[in-house]
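In: Provided below for reference: sequence and predicted model.
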Amino acid sequence: MAVLLGKDTRVLVQGMTGRAGTFYTDLAMRYGSTYVAGVRPGKAGTTHLDLPVFDGVREAAEATGANASLVLVPPHKAAAAMIEAIEAGIGLVVCVTERVPVHDMLRVRAALNGSETQLVGPNSQGVLAPGLCKIGVMSTADAQPGRVGIVSRSASLTSEIVAQTTAAKLGQSTTIGVGGDPIHGIGFRRCLELFKDDPATEGVILIGEIGGSEEEAAADYLASVDYGKPVVALVVGRHAPAQRRMGHAGTLAVLGGGTADAKLRRLQEAGAVIARNADEVAGLMRKALGPA
Amino acid sequence: MDLPEYQAKEILARYGVAVPEGALARNAIEAEDRARALSCEKFAVKAQIHAGGRGLAGGVRFAATPSAVRDAADALIGTHLVTEQTGPAGEEVDRVWVEAAVDDRRSLYIAFVIDARERRAQLFGARDGGVAFEARAQSDPGLIESLELPPDGDLSGVDVAGFLDRLGLDGAAAPNAAALVAKLVRAAMETDALLVEINPLAILPDGQVVAVDAKMVIDDSALYRHPEFEDIARAAPRDSYERVARENDINFVKMDGDIGVVVNGAGLGLATNDMLIDAGGRPANFMDIRTTATSLQIARGIGVLLGDPAVRAILVNVHGGGMTVCDTVAEAICIAYSRSARKPPIVFRAAGQNAAWARRIMTDRRLPVEPFDDIGGAVRRAIALAKGAG
């Protein structure tokens, strides 16, 4: 099994009829995921990729039993799309859109209060349970069903670590991109909780970056429980020049976020195995897990 | 987008926040003229840079006469101001703000922040604002009071009075500060600000509150709905490398090494530079090719590296994913090399989507390329090449 996704996950796509929506929906269906509907205001009653299209999320969910949504709409419409899915009671909402205004995300966070929805993203590559279901835009070429859960702030590093863990014959239970924006949905801590309770996940790889405080919150959580599974942590940006803006990593440093070294220290004190470099992550996990 | 003091104050003034009377000057003579037009007895001459920590670094001078203002401006303009936020190279001062000095013996720190830890907007405040505030707040974060704000900035259900009371405000200053908070929050909400910091906020003997210094950060992702910031965004001082890269959907930060680094993704970019520096190498840059960049755009970014005489080797580390595939980057390298007289050796490490195809493109074009499968090997080879190994 996996976290967030399962055999009964039925996905609708907000923005399915656009170019990106068409491309990624098609890829995900070819991978074997169960996609059941598209949402595009004004196109109700039509079909696209052989799926029915609806005006709104609520109608789509009621008609098709969809319980997850992939949000693939332009930045200026992304917050409204997420809020619509949250208000329709969709259990899992994955937003891959980049450059969603931060103030819009404040409204999305408010909509999440008191709801049951788990939001992943925005600016996330998505969630993948190899061999089972893909909600996102990541490549599946190097993924393989397996023993390791991966949670990351970086899409490119996730690809790298997925390939490494496949080459090391560990495979992945689920990979989750929490997204690179300062205000987003579920974070490292929540993902660690999910992986702890997942019988298919034997160990967790956490890929962090300079800035923000997600890694510190993850360390506090690990220190507060008997986690029972090895956690290997890589935090990149140890040598990034201080206070410089660096892609999405630096955006998170607005409030004087933690250095990579400080994050690594906290994670190590909390019992995580520390990977100094990106190319030793799978090896450390294999050692920590022992023979299969 | 970071706004220097004078632009932040201009925006705040539009929302009714009281700021000292002042004007911008680009040279010493202009500064003296500006001072003569102000009706005050003491002047402040302030370097305009896009970083904080200015006061402690000597970027603010006081002067009693317009000719002293000229001397102060002369001493500041053209220098590189190094503060704890600029990095060791500092930031060149090309303009100063000349304003009426304000009695800030009594002052506060007050700020609107997007607090990623709490995932909401907050007001921060502290008694005794001023230059050393940031250092003091770092050693004792407990001295900052905070107030949660709703996502729409509606203050009707928010206990602003209680917050100001915790900052020690009373008497005539309290209602003035409450009015300031309303203006500050409205300005932040309507401009998509990630940060609006007023420090110090002077409290005058008669209870008036004046924003003596201000700093704003506007969310780049929201600039599309703020045409009023277009001119500011265009004029933002960025070195030419970063400007070219930005126009081509690449995040780029110039560093002072000799190995040009070509990477897709911020995380992989940071990881690659960590490994390079650990192994004794010196990256010439940080690069994060955005998922939307085309091969022509990437080629322009690589062209920037080829045009840098310090770059002695190029290290490519690409992991093809669902959005950027390896052959796009390979094509970009070919285009950039065909346009450049300088052709430094390339260490090419590609993995993931279309990696084999990308390697084939590179070797077919007869570029000075050495392919690698692992990052560690590629990093070590790039360092050796930059040191002159053949």
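Out: That came through fine.

In: in the stretch 251-390 of chain B, where is pLDDT below threshold?
Out: Applying pLDDT under 70 to the stretch 251-390 of chain B picks out residues B:389-390.

In: what does it put close to chain A?
Out: Proximity of the stretch 251-390 of chain B to chain A is confined to B:251, B:253, B:255, B:263-275, B:277-278, B:286, B:288, B:290-292, B:319-324, B:351-353, B:374-376 under the rule Cβ under 8 Å from any Cβ of the partner chain. Any C-beta I mention is one placed from the backbone N, CA and C, and that applies to glycine too.

In: repeat that with 6 Å
Out: Taking Cβ under 6 Å from any Cβ of the partner chain, the part of the stretch 251-390 of chain B that reaches chain A is made up of B:251, B:253, B:264-268, B:270-271, B:273-275, B:277, B:286, B:288, B:319, B:321-323, B:351-353, B:375-376.

In: buried subset of those residues?
Out: B:251, B:253, B:264-268, B:270-271, B:273-275, B:277, B:286, B:288, B:319, B:321-323, B:351-353, B:375 (16 or more other Cβ atoms under 10 Å in any protein chain shown).

In: of these, which belong to helices?
Out: With DSSP state H as the criterion, helices contain B:266-268, B:270-271, B:273-275, B:277, B:375 from among these.

In: now render those as a markdown table, adding distance to B:Arg166.
Out: Shown next, in a markdown table, are those (distance: Cβ to Cβ, whole Å):
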| residue | distance to B:Arg166 |
| --- | --- |
| B:Ala266 | 38 |
| B:Gly267 | 40 |
| B:Leu268 | 45 |
| B:Leu270 | 39 |
| B:Ala271 | 43 |
| B:Asn273 | 43 |
| B:Asp274 | 42 |
| B:Met275 | 47 |
| B:Ile277 | 44 |
| B:Ile375 | 51 |
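
In: may I have the strands that pair with the longest strand along chain B, each with its orientation?
Out: When chain B is parsed with DSSP state E, its longest strand is strand B:193-203. Strand B:193-203 pairs in its sheet with strand B:107-115 (antiparallel), strand B:209-211 (antiparallel), strand B:214-218 (antiparallel), by DSSP bridges.

In: in contact with residue 31, which residues?
Out: Here I'm looking at chain A. Each residue near A:Tyr31 by Cβ atoms under 6 Å, 6 or more residues apart in numbering or on different chains is listed here: A:134, A:140.

In: think we crossed wires, I meant chain B
Out: By Cβ under 6 Å, 6+ apart, the contact set of B:Ala31 is B:25, B:69-70, B:73, B:96, B:98.

In: am I right that it is in a helix?
Out: Yes: assignment of B:Ala31 by DSSP: H, G, I helix; E, B strand; the rest coil places it within a helix.

In: related to what we said a few turns ago, what's the closest of the contacts of B:Ala31 to chain A?
Out: Taking Cβ to the nearest Cβ as the measure, chain A sits nearest to B:Val96 out of these, at 22.8 Å.

In: run through who's touching stretch A:116-132.
Out: Applying Cβ under 6 Å, 6+ apart, the set of residues contacting stretch A:116-132 is A:2, A:4-5, A:78, A:86, A:92-98, A:100, A:134-138, A:143-145, A:155, A:172, A:174-177, A:179-181, A:185-186.

In: now the closest residue to B:Ser221 other than its chain neighbours, what's its secondary structure?
Out: When the adjacent residues along the chain are set aside, B:Ser221 lies closest to A:Arg99, with 4.1 Å between them (Cβ to Cβ, 6 or more residues apart in numbering or on different chains). At A:Arg99, secondary structure determined by three-state DSSP is coil.
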